[in-house]
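Colleague: 3D model of this:
(one chain, ligands or ions: 2)
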Amino acid sequence: MNFADSEVIAAILGKAGYGMAEEAGEADFILINTCAIRDNAEQRVRHRVRELRALQSRRQGLRVGVLGCMAERLQSRLMAEEDNVSFVCGPDAYRRLPEMLAQVRRGQKAAEVELSTTETYADIEPVRLAGNGISAYISIMRGCQNYCAYCVVPYTRGRERSRDPETIVRETRTLFGQGYREVTLLGQNVNSYRWEEVGFPELMDRVASIDPLLRVRFATSHPKDLSDRLLEVMASHPNICRCIHLPVQSGSNRMLKLMNRRYTVEWYLDRVAAIRRYMPDCSITTDVIAGFSTETLEDHEATLELFRKVRYDYAFMFKYSLREGTYAWKHLADDIPEEEKTRRLNEIIALQGEIALENNRKEVGREYEVLVEGESHRSKEQLFGRNSQNKVLVFDRGDAQTGTYRRVKVESCTAATLIGSLVQ
Ligand code: 5AD
Ligand code: SF4
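Modeller: Numbering: from 1, shown residues only. Ligands and ions are numbered 1, 2, ... in the order given. Presented below is the predicted three-dimensional model:
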């Protein structure tokens with residue numbers, strides 16, 4: 001999401017006459033787009049901000065700004081605490097950046113942190129920063145009002161609002177015309193997408209109908225809202241990727257209730273079964289939090305048990321981090337000691353590592369259609385790409401071209417990568 005936002009920011013500043021510097025040492029402004037979801041994300045930003053002091057003392061007039069969720073959360077407090085920061089700008093205020101930079105150039109400080117109920121940046125054509133020319137992010141909705149007890153996002157990104165589907169379809173068509181072959185539709189909770197009579201399944205149907213050669217992915221869906229209708233639409237379009245990110249957070253009903261997730265383990269497993277009924281070859285990935293308030297060993301064991309049942313293809317695994325302003329901060333104790341959180345997290349990571357490796361071993365011998373994305377990091381002789389399930393395949397380059405689809409047969413694997421060869 002931040003990546004997509006940075007592309008919007010680059011577009012807004014580009015229009016105002018600013019260009020990207022080749023390196024930090026040549027810049028007049030350094031803008032840091034930030035995440036506030038866990039404390040360690042914020043600590044990394046603070047570290048980066050402090051590092052920039054040296055550069056600022058060598059380069060007169062170099063100004064540093066903090067953008068995004070951390071700016072929204074801390075507002076001018078951040079400028080007081082980090083006195084080399086000249087401006088802070090929240091996620092709904094990016095259109096004001098040109099004015100802010102002008103103000104900062106005059107030697108003032110600037111803060112814009114107002115949240116909006118309507119801003120979607122729908123009319124702004126993002127400057128694509130990834131630069132592989134093959135896959136792009138498209139933001140379709142912003143904000144979240146699920147208020148999970150641990151989560152700061154509803155406070156930093158504001159109310160849910162969706163973007164006009166016409167602008168989404170237009171942006172996708174333009175990308176396809178430019179040679180892009182994969183788009184990922186982004187939102188904090190894509191299932192809540194709604195614009196008049198168009199819900200998320202209808203939007204997916206429209207985007208996937210643009211061209212069978214265009215792959216469509218999406219993130220993230222909330223398990224409580226994952227509908228059969230969406231699964232039906234996915235199943236009816238082979239170019240909608242067979243991969244669903246379905247954050248579970250915990251395998252214990254008591255924890256889920258305390259987290260205000262509004263589903264049970266049974267509901268979640270029913271959704272997993274529905275995914276596999278509609279699309280037996282669909283991969284499933286998740287997010288999980290270890291050591292949330294009052295989590296017992298039994299709750300933790302229930303999470304491990306759920307992982308054994310679902311057998312995720314990939315998981316983002318986190319230690320609980322107390323966030324100021326959240327329901328948990330107001331009402332629940334952060335009572336699991338740090339070492340115990342780490343121990344539980346490591347147990348989940350180890351289990352997931354085994355599962356991912358076992359899953360990948362089953363892939364050996366299978367053939368997949370792969371969208372070739374570029375050179376492998378390890379060797380110039382090899383290319384990499386992804387299959388519909390979002391698994392990375394590495395193979396000898398042969399006559400394959402990036403940006404095209406090729407069939408690849410899996411020959412071996414690690415827990416993270418499938419290694420194969422081109423099928424001629
Ligand atoms: N502590 C740890 N992890 C968190 N997440 C959200 N808030 C917190 C927190 N306070 C995780 C959730 C979410 C992912 C994006 O980040 O797992 O799905
Ligand atoms: Fe945070 Fe929950 Fe919203 Fe996800 S759904 S952004 S975890 S409040």
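
Colleague: From what I see, Leu203 and Ile140 are in contact.
Modeller: Yes: judged on Cβ atoms under 8 Å, Leu203 makes contact with Ile140 at a distance of 6.8 Å. In short, each C-beta sits where N, CA and C put it, glycine included.

Colleague: Among those two, which residue is more densely surrounded?
Modeller: In this view Leu203 and Ile140 are compared by other Cβ atoms under 10 Å, and Ile140 has more residues nearby, 27 against 24.

Colleague: Quick check: that one vs Val310, distance?
Modeller: Plainly put, Ile140 is 26 Å away from Val310 if you go by Cβ to Cβ, to the nearest Å.

Colleague: Next: Val265.
Modeller: 10 Å.

Colleague: same question, Gln424
Modeller: 37 Å.

Colleague: Which one's more surrounded, those two?
Modeller: Neighbours per residue, other Cβ under 10 Å: of Gln424 and Val310, the larger number sits with Val310, 20 against 7.

Colleague: So that one is in contact with Ser283, correct?
Modeller: No: with contact defined as Cβ under 8 Å, Val310 does not count as touching Ser283 (11.0 Å).

Colleague: Leaving aside the residues adjacent along the chain, what's closest to the residue in the stretch 201-350 of the chain that ligand 2 sits nearest to?
Modeller: Nearest residue of the stretch 201-350 of the chain to ligand 2: His222, at 5.3 Å (Cβ to the nearest ligand atom). Spatially, and ignoring its direct neighbours in sequence, His222 is nearest to Asn189 (4.7 Å; Cβ to Cβ, 6 or more residues apart in numbering).

Colleague: so what sits against both of Leu203 and Ile140?
Modeller: Listed as contacting both Leu203 and Ile140 by Cβ atoms under 8 Å, 6 or more residues apart in numbering are 168, 185, 193.

Colleague: do the helix or strand in which the second one is found and ligand 1 meet?
Modeller: Which is Leu185. Leu185 belongs to strand 182-186 when assigned by DSSP states H and E. No: using Cβ under 6 Å from any ligand atom, strand 182-186 never reaches ligand 1; the gap is at least 12.5 Å.

Colleague: Which pLDDT value goes with the residue nearest to Ser293 when sequence neighbours are not counted?
Modeller: Once flanking residues are discounted, Ser293 sits nearest to Leu332: 3.9 Å by Cβ to Cβ, 6+ apart. Turning to Leu332, the model gives it a pLDDT of 98.

Colleague: and Leu332, backbone torsions?
Modeller: Note on Leu332: backbone dihedrals following degrees, to the nearest 10 are phi -120, psi 150.

Colleague: I figured it hits Ala149, correct?
Modeller: Yes: using Cβ under 8 Å, Leu332 is in contact with Ala149, at 6.7 Å.
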